[in-house]
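A.B. asks: Sharing a model prediction with you, sequence too.
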Amino acid sequence: MQLPEDWRCFEDAELLAQTAKEYICSAAEKAIRENGAFHLVTAGGTTPNRIYQLLGESERDDWQFWHIYMGDERCLPLDDPERNRTPLKEMWLDKCSVPSSQIHYMATELGAEAALEDYQTRLLSVPVFDLVMLGMGEDGHTASLFPGHSYAEGCDLLIERDSPKPPPLRLTLSAERLSASCEVLKLITGAGKQPALKAWLEGENLPISWISAKETHQVWIDLAARPD
Ligand SMILES: O=C1O[C@H](COP(=O)(O)O)[C@@H](O)[C@H](O)[C@H]1O
């Protein structure tokens, strides 16, 4: 299957992760040079974990200019291994010197409504992100936006109460808010994602297709996920 121009296929997930880590660092350097700060939205799930590990191992002298957000979070107790916060924190953010006031975890341990209220305030100072990272589930969901579900328009944040993937209760940035970014980088690996990628390319209305970017939109996949 022919891939669109903004798609890139890597030999394997490791090469994709190493390239993504370099790409994110270059985007940070550019944003810091131009605006004195880098606002990054991180993806949940397992796909970005290797990138977080590589970022956690990298020695940088510009962490004080990084501002870290989350695209979505699962409503579970603090430090639950299934929280998106847990690998993000343990693999990367605990290992570097991004100021804690610039790390914006979604506080879903407080409950979905309280976490939404807290996050709404955190979003006020950042009308446009520099870079949004996204993953995709095997059903074509991204962040916590699921196929076949309808979502209110005009909101930055949404509470998903019926996720088909556990846990059912989640907090997510809306497609509109995720698209308020200079760059969007969709990172998708593994054979399990192949059917959804094929469906997306064939025009199926999947949440992964709802997110665009103000400047640069890219989809990075590995060979295992590439539709035939
Ligand atoms: O539940 C979620 O799943 C998707 C995909 O996760 P992965 O483990 O297949 O990479 C993820 O992008 C989303 O943030 C997460 O909450």
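C.D. replies: Everything's here; your move.
A.B. asks: Heading C-terminal from the longest helix belonging to the chain, find the next helix or strand.
C.D. replies: If you go by DSSP state H, the chain has its longest helix at helix 13-35. Going down the chain from helix 13-35, the next helix or strand is strand 38-42, by DSSP states H and E.
A.B. asks: In this structure, what residue lies closest to the ligand?
C.D. replies: residue 45 (2.1 Å; CB to the nearest ligand atom). C-beta coordinates here come from the backbone N, C-alpha and C atoms, glycine included.
A.B. asks: List the contacts of the nearest residue in space to that residue that is not next to it in sequence.
C.D. replies: Spatial nearest neighbour of residue 45, excluding adjacent residues (CB to CB, 6 or more residues apart in numbering): residue 135 at 4.5 Å. By CB atoms under 8 Å, 6 or more residues apart in numbering, the contact set of residue 135 is 43-45, 47-48, 142, 186-188.
A.B. asks: Can you tell me which of those comes closest to residue 197?
C.D. replies: In terms of CB to CB, no member of the contacts of residue 135 lies closer to residue 197 than residue 188, at 6.5 Å.
A.B. asks: Run a quick neighbour tally on the closest one.
C.D. replies: 26 (other CB atoms under 10 Å).
A.B. asks: And residue 143, by the same measure?
C.D. replies: 33.
A.B. asks: And the residue nearest the centre of the chain, what's its pLDDT?
C.D. replies: The chain has residue 43 as the residue nearest its centroid, 2.3 Å off, counting by CA atoms, centre = their mean. Looking at residue 43, its pLDDT reads 98.
A.B. asks: ok, now the one 10 residues further on?
C.D. replies: pLDDT, residue 53: 98.
A.B. asks: Make sure I have this right: residue 92 is in a helix.
C.D. replies: Yes - Residue 92 forms part of a helix when assessed by DSSP: H, G, I helix; E, B strand; the rest coil.
A.B. asks: Run a quick neighbour tally on it.
C.D. replies: If we define neighbours as other CB under 10 Å, then residue 92 has 22 of them.
A.B. asks: In contact with it, which residues?
C.D. replies: By CB under 8 Å, 6+ apart, residue 92 lies in contact with 52-53, 55-56.
A.B. asks: Are any of the residues you listed buried, and if so which?
C.D. replies: By neighbour count, with 16 or more other CB atoms under 10 Å, those hold 52-53, 55-56 as buried.
A.B. asks: Please tabulate those in JSON lines, including the columns distance to residue 202 and secondary structure.
C.D. replies: JSON lines is the format used below for these (distance: CB to CB, whole Å; DSSP: H, G, I helix; E, B strand; the rest coil):
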{"residue": "52", "distance to residue 202": "32", "secondary structure": "helix"}
{"residue": "53", "distance to residue 202": "34", "secondary structure": "helix"}
{"residue": "55", "distance to residue 202": "34", "secondary structure": "helix"}
{"residue": "56", "distance to residue 202": "38", "secondary structure": "helix"}
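A.B. asks: can you list the residues of the chain near the ligand?
C.D. replies: Within the chain, the residues that sit near the ligand (CB under 6 Å from any ligand atom) are 43-47, 71-72, 84, 135-137, 142-144, 165.
A.B. asks: between those, which has the most around it?
C.D. replies: Sorting the residues of the chain next to the ligand by how many neighbours each has (other CB under 10 Å) puts residue 143 first, at 33 neighbours.
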